[in-house]
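# Got a predicted structure here, sequence first:
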Amino acid sequence: MVSEYTESDQFRGARIHLCTLDGLEIRDCEVTGLKIVDCYGSDVSLGGLFERVVVNDVDVTAYVEAELDRRHPARVLARDAASPEDYRAAWDAIETLWSETLDRAKLLPEATLHEQVDGEWSFVETQRHLLLASDAWLGNAVLEEEAPYHPLGYPHGGMPPEEAAKLGLTLEATPTLEEVLAPRLARMAAMRRVVDGLTAAGLDRVCGRKPADPYPDQEYVVRRCLKVVLKEEAEHHRYAVRDLAVLEARA
């Protein structure tokens, strides 16, 4: 049976020596200062948001970021968006990517779209997460809708179940892709309307709400909220096509 440790600080500053760590998975954790020294093995995989990564005394951070940007140009558009025109260009690219990828996914059996690859979200779960991201950062924060959260939205792994329940989310739901796409595509259409009407002044408007209660009480500006949507779409598209290739090979 696999041991699981959740919301624990028992490993802070720990030193693990002469232990077998085959198959160890660290997920959704703060790892600043993590060191792996004089270890050996194969198939070592790192994924996440790292400000600096050094492998065998070589700083590979810039190389990794440049390679990701080369493979996924939309992430550059999302990250660097500054003017209304930039936001529109980024959303143009994201719409095109998802249109092509959704067509590709629909060629697979429905059951396959609910399969997870290496413990990551399934294709359907990814669409549910992007639905919640846009509900929170667009529907609630930017548009200040009366009821912005769709029950099929799926939160990040760190959100406590009770907080998800407060938003009206049904985490245990098992909707089909088409059932998720109905509200998901409606949200994408709302984003299109917003970016089409963007002005420089509108980007700097302070939102009347934060994305959701679990988020810090601070000032949220439209440009920041929309950029979160852009980045979420671009990064999760990257994950989705990575895992979609595996699912297609399985099929």
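That came through fine.

# can you map out the strands along the stretch 1-150 of the chain?
Assigned by DSSP state E, counting those that start in this stretch, the strands in the stretch 1-150 of the chain fall at 54-55, 58-59.

# what's the closest of those to V180?
With distances scored as CB to CB, the stretch of the strands of the stretch 1-150 of the chain nearest to V180 is strand 54-55 (38.2 Å). All C-beta spots, glycine's among them, are computed from the backbone N, C-alpha and C.

# thought Q218 was touching K210?
Yes. Using CB atoms under 8 Å, Q218 is in contact with K210, at 7.4 Å.

# quick one: which of the two has more around it?
K210 (18 against 6; other CB atoms under 10 Å).

# Setting the sequence-adjacent residues aside, check what's closest to the more buried one.
Closest residue to K210 apart from its sequence neighbours, by CB to CB, 6 or more residues apart in numbering: Y220 at 5.5 Å.

# so the one you found touches V206, yeah?
Yes. If you go by CB under 8 Å, Y220 and V206 touch, sitting 7.1 Å apart.

# For Y149, see how far away the residue nearest to K210 is.
For Y220, the distance to Y149 (CB to CB, to the nearest Å) stands at 16 Å.

# count of neighbours near H156?
H156 - counted by other CB under 10 Å - has 12 other residues nearby.

# OK, contacts around it?
D28, H129 (CB atoms under 8 Å, 6 or more residues apart in numbering).

# let's see 10 Å
D28, H129, L132, A133, A164, P214, E232 (CB atoms under 10 Å, 6 or more residues apart in numbering).

# ok, now D118?
Counted by CB under 10 Å, 6+ apart, D118 has contacts E25, S45, G47, R242, D243, V246.

# and if we set it to 8 Å?
D243.

# for D80, same thing?
With CB under 8 Å, 6+ apart, D80 has these contacts: D86.
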